[in-house]
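**Student:** coords please:
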Amino acid sequence: MPTTKTLREGSAQKRAAILSAARELFLADGFDRSSVDAVAARARVSKRTVYDYFGDKQTLLHAVVDTVGQALITTVRSTLDDTLTDRTGTADLEDALVAFSMQIATEMLDSAEYATLLRLVRTESGHLPHRGYNPMADAPDEAIGERFAALADAGLLDVPDPRLAADQFLALTFGVALDRLGSANAAEDTRVRPLVVEGVRTFLRAYRTR
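**Tutor:** Numbering: from 1, shown residues only. Modelled structure (predicted):
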């Protein structure tokens, strides 16, 4: 008889298989043309299992979008850990902020996950909780704000409002690239990096500890 641990792992595997199958079908055929039967067949589970896990097709789409969004948020947090740490010094701060921005601008913005999120949010907005729904709407800003607060505690930044500082940082770097170039994907456009570097320098002129 299977143990509780085996059942729990099996359930996680089935859930992942259903989400993967649904993601592939929603991208290839669109939400309206993708059936629960097709999702079940691709995931190699029963139709009943899909309903047991997700209730209906719209909830399944929501789960796919949220799962992709959570993966991207995890990438943002791990990139912060790779580039902006408690070992960052005053002399290294500009380089660290540029490294963080460029890692996001290349590895994340050029990823299949990011492309998937953009496409599903744009094409299937009518089936999501509300128009403009995006699971990454605030989380990256909050994560960056938390890291800026830590850098302020370390004496590297003067940020009375860390979340506002994060919003301004993103506007000065990725926002400028999006406005100027239509994309902040540095893997596709070498013009992104100079804009990011200047944005970081402008941010530091306002927030670096005097």
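**Student:** so which strand or helix has the residue nearest the centre of the chain?
**Tutor:** Most central in the chain under Cα atoms, centre = their mean is L72, positioned 2.7 Å from the mean C-alpha point. Per DSSP states H and E, L72 falls inside helix 57-83.
**Student:** now the element after that helix, going C-ward?
**Tutor:** Assigned by DSSP H and E, the successor of helix 57-83 is helix 93-103.
**Student:** could you export that following helix as PDB, keeping only the C-alpha atoms?
**Tutor:** Output of helix 93-103 as PDB, limited to C-alpha atoms (Å, rounded to 0.1, in the frame of the first residue of the first chain):
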ATOM      1  CA  LEU A  93      27.300  49.200  -5.200                       C
ATOM      2  CA  GLU A  94      27.000  50.600  -8.700                       C
ATOM      3  CA  ASP A  95      28.500  47.400 -10.200                       C
ATOM      4  CA  ALA A  96      26.200  45.300  -8.100                       C
ATOM      5  CA  LEU A  97      23.000  47.200  -9.100                       C
ATOM      6  CA  VAL A  98      24.100  47.000 -12.800                       C
ATOM      7  CA  ALA A  99      24.800  43.300 -12.400                       C
ATOM      8  CA  PHE A 100      21.400  42.700 -10.900                       C
ATOM      9  CA  SER A 101      19.700  44.700 -13.600                       C
ATOM     10  CA  MET A 102      21.600  43.100 -16.500                       C
ATOM     11  CA  GLN A 103      21.000  39.500 -15.200                       C
END
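**Student:** and the contacts of that helix?
**Tutor:** 79-80, 82-84, 88, 151, 156-157, 169, 173-174, 186, 193, 196-197, 199-201, 203-204, 208 (Cβ atoms under 8 Å, 6 or more residues apart in numbering). (C-beta placed from N, C-alpha, C; glycine too.)
**Student:** give me the mean pLDDT for the helix or strand just after it.
**Tutor:** For helix 93-103, the following helix or strand on the C-terminal side (DSSP H and E) is helix 112-123. Averaged over helix 112-123, pLDDT sits at 93.
**Student:** distance from helix 112-123 to the middle of the chain?
**Tutor:** With Cα atoms, centre = their mean, to the nearest Å as the basis, helix 112-123 stands 11 Å off its chain's centre.
**Student:** what's the angle from it to helix 57-83?
**Tutor:** In terms of direction (axes from the mean of the first three to the mean of the last three Cα atoms, to 10 degrees), helix 112-123 departs from helix 57-83 by 140 degrees.
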